[in-house]
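Colleague: Need the 3D shape of this:
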Amino acid sequence: MKFPIDRDAEFGTLSTSRRSFILHSVALIGTFSVMPISSVFAEESPVKALSGMQQLAQFLTAKPIDAALAQRAGSALTITDANFPANLLKLSDFIAKNSLASVENLKTAPGFEGDLKTTAQQIISALYLGYAGDPVQLSAKDNVQFVSYTQALTYQLTKAYTPIPSYSRWGTGYWEKLPATT
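Modeller: Below is the predicted model:
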């Protein structure tokens, strides 16, 4: 039986054209499987740049921030802004070089403008709103990355008085039973 691809080859034998195709395919796959490993060593990893994210988030918000929340915020900000890891390091260096003790000192520090200020605002925004990026109204496409819903700092301000929207502190179906006071 003969294949239409290779009219000269018998069934079960590899012709030069098929053999070279297979060799080239294996070489190409091998090259692409090694490339990501070499690119990790070539550039500084964003994960390394985000290692100080929790301390910086706590400094900027003056609140205790969960490490996982800080990492999610840093990852989301890196996706929405490719320069975020470099800007994060610049902001950390600026705070350290100026020996700033609080966010209030940072706001009034000379030189706190441009990318430094934008980076600080991005971090605070991601932690308070629970997402990073800019939502586009009435559109299915935007660059928004989810960070957290229940841990968003906005809802922590009124936690003692109101439940997080669409969440009930009282449990599912709480409205079925009359309160004890009536």
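
Colleague: In this structure, where is pLDDT below threshold?
Modeller: 1-16, 24, 28, 30-49, 166-175, 179, 182 (pLDDT under 70).

Colleague: Just the helices from it, written as ranges.
Modeller: Using DSSP state H, the helices of the chain run over residues 16-42, 46-49, 53-61, 67-80, 84-97, 103-108, 115-129, 153-156.

Colleague: Quick one, which of the ones you listed gets closest to Ile164.
Modeller: Smallest distance to Ile164 across the helices of the chain (CB to CB): 4.7 Å, for helix 153-156. Yep, even glycine has a C-beta here, placed from its N, CA and C like the rest.

Colleague: so how far is the closest one off the chain centroid?
Modeller: Its chain's average C-alpha position is 20 Å from that of helix 153-156, according to CA atoms, centre = their mean, to the nearest Å.

Colleague: List the buried residues in stretch 54-68.
Modeller: Neighbour counts over stretch 54-68 (16 or more other CB atoms under 10 Å) mark 54, 56-57, 59-60, 65 as buried.

Colleague: dump the residue contacts of the residue lying closest to Arg72 once chain neighbours are set aside.
Modeller: Using CB to CB, 6 or more residues apart in numbering and skipping residues adjacent in sequence, the residue nearest Arg72 is Val147, 5.0 Å away. Counting by CB atoms under 8 Å, 6 or more residues apart in numbering, Val147 makes contact with 69, 72-73, 76, 126-127, 129-132.

Colleague: Of the helices of the chain, which is nearest Thr162?
Modeller: Nearest to Thr162 among these is helix 153-156 (8.5 Å), distances taken as CB to CB.

Colleague: Which other helices and strands does the closest one contact?
Modeller: Here helix 153-156 touches helix 115-129, going by 3 or more CB pairs under 8 Å, 6 or more residues apart in numbering; DSSP states H and E.

Colleague: related to what we said a few turns ago, got TSV for the contacts of Val147, with neighbour count and distance to Ile29 too?
Modeller: As requested, those are arranged in TSV below (neighbours: other CB atoms under 10 Å; distance: CB to CB, whole Å):
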residue	neighbour count	distance to Ile29
Leu69	20	39
Arg72	21	33
Ala73	28	36
Ala76	23	32
Ala126	26	38
Leu127	25	42
Leu129	16	42
Gly130	21	40
Tyr131	20	37
Ala132	26	35
